[in-house]
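Visitor: Got a predicted model here, sequence first, then my questions.
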Amino acid sequence: MTAPRKLTIGVLAIQGGFIEHSHALRQCDAVERVVEFTNAKEMAAQPLDGIVLPGGESSAMAVLLESFDLLEPLRAYVRAGKAVWGTCAGMILLSDSIKHAKLGGQSLVGGLHATTVRNAFGRQKESFIATLDVPDVVLADREKPFRAVFIRAPIIESVGDDVRVLARVVRPSAPPDAEPDIVAVRQDRILATSFHPELTRDIRFHEYFCRMVAGEV
């Protein structure tokens, strides 16, 4: 039996939590190499099986994407149906539309048929950790709860018909009868989470992304 091909995963490394993502990905058995890239030349230097857009400051990242000529290559990558995962700011960048954008708006990579609300959970001091209920097909070992870290996190307000909701959470400040907010989705080869799996020791979301890249899920 032929062994599965090992993956090369790119991580956008211009701002935010890219080091933590790289560390988590290197712990995944399916990954052979992690490539941190900061410009279009580095991104195109070798074939990337998937790309991670990390958390950070989405408006600052958008400016840097334009400065480093990365916006159009990333858009083309998504349009080509390649696997992409955005966490927090990365989720904002992947969304087709956003609310509470900075004055004057900001550039987006787009591709995810969703409207995302920036900083929906409040300021830095409103950061929190929540246990998520995630389908078995996404995370192995369902009996082990996934504790998600939310830092100035966005939420997804609405999704297209082709977007599957993977996880929801009720914000700590919400009234008892509040509806939970969407915090993780998948659309074909696009994965988006408003929280930061890279800030925990739980690599199950990274493993799921690798399975998605490999076409196993």
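Guide: It's in.

Visitor: For residue 171, the count of nearby residues, please.
Guide: Neighbour count for residue 171, taken as other C-beta atoms under 10 Å: 18. Any C-beta I mention is one placed from the backbone N, CA and C, and that applies to glycine too.

Visitor: Might one say that it is in contact with residue 179?
Guide: No: Residue 171 is beyond contact range of residue 179, at 10.4 Å (criterion: C-beta atoms under 8 Å).

Visitor: And for the closest residue to residue 208 other than its chain neighbours, the neighbour number?
Guide: Distances taken as C-beta to C-beta, 6 or more residues apart in numbering place residue 138 nearest to residue 208, at 5.2 Å, with adjacent residues excluded. Residues near residue 138, counting by other C-beta under 10 Å, number 23.

Visitor: Where does residue 138 fall, secondary structure wise?
Guide: Using DSSP states H and E, residue 138 falls within no helix or strand.

Visitor: Tell me how many other residues crowd the residue nearest to residue 30 when sequence neighbours are not counted.
Guide: Among residues not flanking residue 30 along the chain, residue 210 sits closest, at 4.1 Å (C-beta to C-beta, 6+ apart). By the measure other C-beta under 10 Å, the count of residues near residue 210 is 24.

Visitor: roughly how far apart are residue 210 and residue 217?
Guide: Residue 210 is 10 Å from residue 217, where distance means C-beta to C-beta, to the nearest Å.

Visitor: Could you do residue 190 as well?
Guide: According to C-beta to C-beta, residue 190 stands 13 Å off from residue 217.

Visitor: now residue 45
Guide: Applying C-beta to C-beta to residue 45 and residue 217 gives a distance of 28 Å.
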